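Participant: Build the 3D model from these lines:
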Amino acid sequence: MPGQLPPTNDDRVIWDLWEAQFRLPVMTVADELGVFRALGDAPLTTDQLAGGLGLDPRALAILLAALASSDLIEKREGQWRALPPARTWLHPEAEGYWGGFLLGFRERGPLHAQLLEAMKTGKRPDSFRSGAPEWERGEMSAEAAARIASFMHAHSMAPARGAAAQAVFGEVAHLMDVGCGSGVYGIELARAHPGLRVTLMDLAAMADEAGAYAARAGVGERVGTAGVNMFTEDWPSGPDAHFFANVFHDWSVETNRLLAAKSFAALPSGGRIFLSEILMDDDGTGPWHAAAFSLLMLVGTLGKQYSLPEYRDILGSAGFAQVEAVRTGGGYYSLVSAVKP
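Facilitator: Next up, the predicted model:
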């Protein structure tokens with residue numbers, strides 16, 4: 001079929017086009033909040049800048065990473081400062097200030113208003129529609145499950161195939177895809193490893209939807225489902241590996257510690273945990289593809305994109321060891337893994 005040729009697991013060009021929507025709002029929000037003025041006058045830490053401007057520090061850190069990866073600011077020894085283009089064109093007292101031009105763009109799209117609200121409150125704007133509230137409530141209708149699975153399946157196909165190509169899954173007997181969404185990761189893992197048994201675990205309506213995807217993919221005999229609230233209910237026993245794709249980035253550090261602890265308790269000794277995520281750099285300054293995705297997490301979920309050191313801390317707090325990451329070749333995604341001693 002034409003849509004299958006040539007085969008590739010690299011969808012970065014699609015991501016680049018999609019994430020471009022954040023480029024202008026990041027700049028206009030920073031301009032309106034006074035970020036460029038402040039960082040053009042003196043280097044400041046995130047907390048100092050947040051205190052001076054009356055902003056939420058967590059939300060501001062996500063915005064600053066996007067500005068840094070857009071070559072407008074930099075971070076040195078924990079302090080942010082404006083780079084020459086920002087000092088020249090975006091400082092309100094500069095002769096070349098673009099503020100009058102940018103003013104008209106603040107009201108032309110919802111992302112500016114949503115990011116601005118998040119910077120001030122630290123909370124997800126009510127106007128942003130995402131699937132996160134269903135998981136937070138622990139309730140999901142069949143209609144919501146079908147809608148969410150459709151878009152999740154599309155944006156996860158390349159990273160799922162990239163993850164499935166990793167040889168380590170040939171060492172796993174039974175993998176549970178936790179918070180599986182459409183089941184795309186579990187399906188691709190089952191396709192790539194004929195000896196692997198997979199359980200797709202999610203809220204009941206989503207697990208049913210994932211089961212239908214698995215049946216259509218022709219792997220239904222080796223891919224089962226489990227309708228479980230991962231926060232409030234016991235997890236099925238038996239799997240020797242747990243897989244989380246785009247799950248930890250939906251939640252706070254505290255909630256992720258809970259998920260890691262539940263995974264650790266349910267796995268046997270020698271069991272493994274895997275996370276498929278787009279990673280931030282260790283210093284939290286980018287890269288753009290991670291920083292832009294983190295902006296989406298800010299306005300759509302309770303989380304953000306994390307770095308490998310942050311995941312090492314989260315997984316280590318539950319008792320996991322040998323935490324490492326490898327780029328999979330599935331677009332911008334990395335596979336984080338750890339072992340239960």
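Participant: Return the helix or strand in the chain with minimum mean pLDDT.
Facilitator: One helix or strand of the chain scores below all others by mean pLDDT, DSSP states H and E: helix 132-137, with a mean of 76.
Participant: How far does it sit from its chain's centre?
Facilitator: When distances are taken as Cα atoms, centre = their mean, to the nearest Å, helix 132-137 is centred 16 Å away from the chain's centroid.
Participant: Next: stretch 299-311.
Facilitator: 6 Å.
Participant: got it, and stretch 86-94?
Facilitator: Distance, centroid of stretch 86-94 to centroid of chain: 32 Å (Cα atoms, centre = their mean).
Participant: repeat for stretch 101-115
Facilitator: For stretch 101-115, the distance to the chain centre is 24 Å (Cα atoms, centre = their mean).
Participant: In terms of secondary structure, what does the least confident helix or strand of the chain contact?
Facilitator: Counting contacts by 3 or more Cβ pairs under 8 Å, 6 or more residues apart in numbering; DSSP states H and E, helix 132-137 is packed against no other helix or strand. (Each C-beta comes from the backbone N, C-alpha and C, glycine too.)
Participant: contacting residues around that helix?
Facilitator: 124, 140, 144, 148, 179, 203, 250, 300, 301, 302 (Cβ atoms under 8 Å, 6 or more residues apart in numbering).
Participant: how many other residues sit next to the fifth one?
Facilitator: As a burial measure, the neighbour count of residue 179 was computed by other Cβ atoms under 10 Å and equals 21.
Participant: Also the third one?
Facilitator: Neighbour count of residue 144, defined by other Cβ under 10 Å: 17.
Participant: again, but for the first one
Facilitator: Other residues within reach of residue 124, judged by other Cβ under 10 Å, total 20.
Participant: Settle this for me: it is touching residue 300, isn't it.
Facilitator: Yes: counting by Cβ atoms under 8 Å, residue 124 does reach residue 300; the two are 6.4 Å apart.
Participant: all helices for the stretch 101-250 of the chain, in order.
Facilitator: 110-121, 132-137, 142-164, 184-192, 204-216 (DSSP state H, counting those that start in this stretch).
Participant: got a markdown table for these, with distance to residue 29 too?
Facilitator: Output for the helices of the stretch 101-250 of the chain, formatted as a markdown table (distance: least, Cβ to Cβ, whole Å):
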| stretch | distance to residue 29 |
| --- | --- |
| helix 110-121 | 5 |
| helix 132-137 | 21 |
| helix 142-164 | 24 |
| helix 184-192 | 33 |
| helix 204-216 | 33 |
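Participant: so which of these gets nearest residue 94?
Facilitator: helix 110-121 (21.7 Å; Cβ to Cβ).
Participant: list the buried ones in that closest one?
Facilitator: By 16 or more other Cβ atoms under 10 Å, the buried positions in helix 110-121 come out as 111, 112, 113, 114, 115, 116, 117, 118, 119.
Participant: any idea how far the fifth one is from residue 144?
Facilitator: The reference is to residue 115. Residue 115 is 25 Å from residue 144, where distance means Cβ to Cβ, to the nearest Å.
Participant: so who does the residue lying closest to residue 274 once chain neighbours are set aside touch?
Facilitator: Once flanking residues are discounted, residue 274 sits nearest to residue 243: 4.7 Å by Cβ to Cβ, 6 or more residues apart in numbering. Contacts for residue 243 (Cβ under 8 Å, 6+ apart) come out as 175, 176, 177, 178, 185, 186, 189, 273, 274, 276.
Participant: still on that earlier bit, for the contacts of helix 132-137, name the two members farthest from one another.
Facilitator: Longest span within these, Cβ to Cβ: 124 and 203, 19.3 Å.
Participant: and the residue lying closest to residue 170 once chain neighbours are set aside, what is it in contact with?
Facilitator: Nearest residue to residue 170 in three dimensions, chain neighbours excluded: residue 193, at 5.7 Å (Cβ to Cβ, 6+ apart). Each residue near residue 193 by Cβ under 8 Å, 6+ apart is listed here: 164, 169, 170, 172.
Participant: Now tabulate those in TSV and tack on pLDDT, distance to residue 35 and neighbour count.
Facilitator: Formatted as TSV, the contacts of residue 193 follow (pLDDT from 0 to 100; distance: Cβ to Cβ, whole Å; neighbours: other Cβ atoms under 10 Å):
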residue	pLDDT	distance to residue 35	neighbour count
164	97	41	22
169	98	44	21
170	96	48	11
172	98	46	20
